[in-house]
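Asker: model this:
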Amino acid sequence: MNDLQQLRFRDPARAEALGEAIHEVCSEIGRDPITLMHVCGSHEQAIARFGLRTGLPKNLDVIMGPGCPVCITDLPEVDEGVALALQGVKVCTYGDMLRVPGTSLSLNDAMARGGNVAVVYSPSQAIEIARKTEEQVVFFATGFETTAVTTAAALLAGDVPENFSILSAHKYIPPAMEIVATMPGSRIEGFLAAGHAAAITGSGLFEPLARKHRMPIVVAGFEPLDILAAVLELLVLVRDGRNEVANLYPRCVSAQGNLPAQKILWQVFELEQGWWRGIADIPDGNLRLRDTYAHLDARKRFDIDIKKLWSHAPHELAAQCVCGDIMAGKCQPTDCGLYGTKCTPDAPVGACMVSSEGACRIWQQYGGRPDLSEVG
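Answerer: Predicted structure coming up:
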């Protein structure tokens, strides 16, 4: 296989060419700043890890939106998991949820108080745990539509034990993009959409959003060249005033998406209004179990008393956390007075510093927008 046939994603020469084209288009647009938002923690990881911002023009801001599923899980949703664990129910969830703060306690805190919490890698593993015990097992299900499909598939696989139920905190991204785009003071001129979510929903899903808000959207993959190419395409659409959807991840994403996965998702879940932590109450932003699966809904099966948790004092620094504003694109991690001092990966105050997909955690690990002008 020669170089022309081989699919390469980390090519310095191509990256340099894309960077030069990005500078040229930004110069043609001529505004300062030009603000683009991506809505994916994996995009932020790639942008920071590979230092892509260091090569972007000074008048281009690529900011992170509500793309971290752990970060946007709302306080009362965490409280429900904590309350169930303290009530003696075995709560199974993904590892990055353990240190996410609720109103006053995290699941880690619940474990320290004798709560019953287990880390799993999939809903199927939680079901397997339930099969081997007589105690009640609840899967605290978090994540976007990509993860919700796996939850739905596990339930539809059948043979779900009677002692198993779901506490759904699954979220659906497109309505949140619409809310963030229309927030007062928003500077967003276009979105980079997450390629893995679009692999499920299809790029066509974004077309009504682009038309309604007169805002271009480009579906992007996760390699450095994927992101640079998507940024360039989005800038071209902004420059030309074309409020269109472009798919720059065609090796994984089609216009219609994964139809079998969509069928599974909507067979088990339906949309409802719900809060995203620190951002807003978002119409159709949450995924709840359909009534057909009410017997598996932990909120219907258990009396979850989260008010007991409210007698505990919240973290004294929590009121100073600006995670919500960071996820809404109103500010950057470095704008927070706690960032890197009183809020660190080892001692996080906000959810954005907990998750490996949170903007604050990523910037702590890789740096945010280093200024290399002084080193040439």
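
Asker: The protein: helices as residue ranges?
Answerer: Using DSSP state H, the helices of the chain run over residues 12-29, 41-49, 75-86, 107-112, 123-131, 145-156, 173-181, 195-201, 207-212, 224-240, 259-268, 298-301, 323-327, 359-366.

Asker: which stretch in those is the model least sure about?
Answerer: Mean pLDDT per stretch puts helix 323-327 lowest among the helices of the chain, at a mean of 89.

Asker: Can you name every helix or strand that that helix contacts?
Answerer: helix 359-366 (3 or more C-beta pairs under 8 Å, 6 or more residues apart in numbering; DSSP states H and E). Placement of C-beta: from N, CA and C, glycine included.

Asker: What helices and strands are in contact with the helix it packs on?
Answerer: helix 41-49, helix 323-327.

Asker: would you list the ones you listed in JSON lines and tack on distance to Arg99?
Answerer: As requested, the helices and strands packed on helix 359-366 are exported to JSON lines (distance: least, C-beta to C-beta, whole Å):
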{"stretch": "helix 41-49", "distance to Arg99": "16"}
{"stretch": "helix 323-327", "distance to Arg99": "14"}
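
Asker: burial of Asp11, as a residue count?
Answerer: Applying other C-beta atoms under 10 Å, we find 14 residues neighbouring Asp11.

Asker: circling back to that earlier point, save the helices of the chain as a markdown table, and put in mean neighbour count and distance to Lys58 too.
Answerer: Putting the helices of the chain into a markdown table (neighbours: other C-beta atoms under 10 Å; distance: least, C-beta to C-beta, whole Å) gives the following:
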| stretch | mean neighbour count | distance to Lys58 |
| --- | --- | --- |
| helix 12-29 | 15 | 9 |
| helix 41-49 | 21 | 16 |
| helix 75-86 | 25 | 37 |
| helix 107-112 | 18 | 41 |
| helix 123-131 | 19 | 45 |
| helix 145-156 | 22 | 34 |
| helix 173-181 | 21 | 24 |
| helix 195-201 | 23 | 27 |
| helix 207-212 | 15 | 27 |
| helix 224-240 | 22 | 14 |
| helix 259-268 | 17 | 41 |
| helix 298-301 | 18 | 49 |
| helix 323-327 | 24 | 21 |
| helix 359-366 | 23 | 19 |
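
Asker: would CSV of those helices with distance to Trp310 be doable?
Answerer: What follows is the helices of the chain, written out as CSV (distance: least, C-beta to C-beta, whole Å):
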stretch, distance to Trp310
helix 12-29, 49
helix 41-49, 29
helix 75-86, 8
helix 107-112, 14
helix 123-131, 28
helix 145-156, 29
helix 173-181, 27
helix 195-201, 34
helix 207-212, 37
helix 224-240, 42
helix 259-268, 32
helix 298-301, 18
helix 323-327, 20
helix 359-366, 26
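
Asker: between those, which gets nearest to Leu338?
Answerer: For the helices of the chain, the distance to Leu338 is smallest for helix 359-366, at 8.9 Å, taking C-beta to C-beta.

Asker: Next, the angle helix 41-49 makes with the closest one.
Answerer: 30 degrees (axes from the mean of the first three to the mean of the last three C-alpha atoms, to 10 degrees).

Asker: which outside residues touch helix 359-366?
Answerer: Under the criterion C-beta atoms under 8 Å, 6 or more residues apart in numbering, residues 41, 44-45, 48-49, 51, 64, 68, 71, 323, 326-327, 332-334, 336, 339-340, 343-345, 348, 350, 352-356 lie in contact with helix 359-366.
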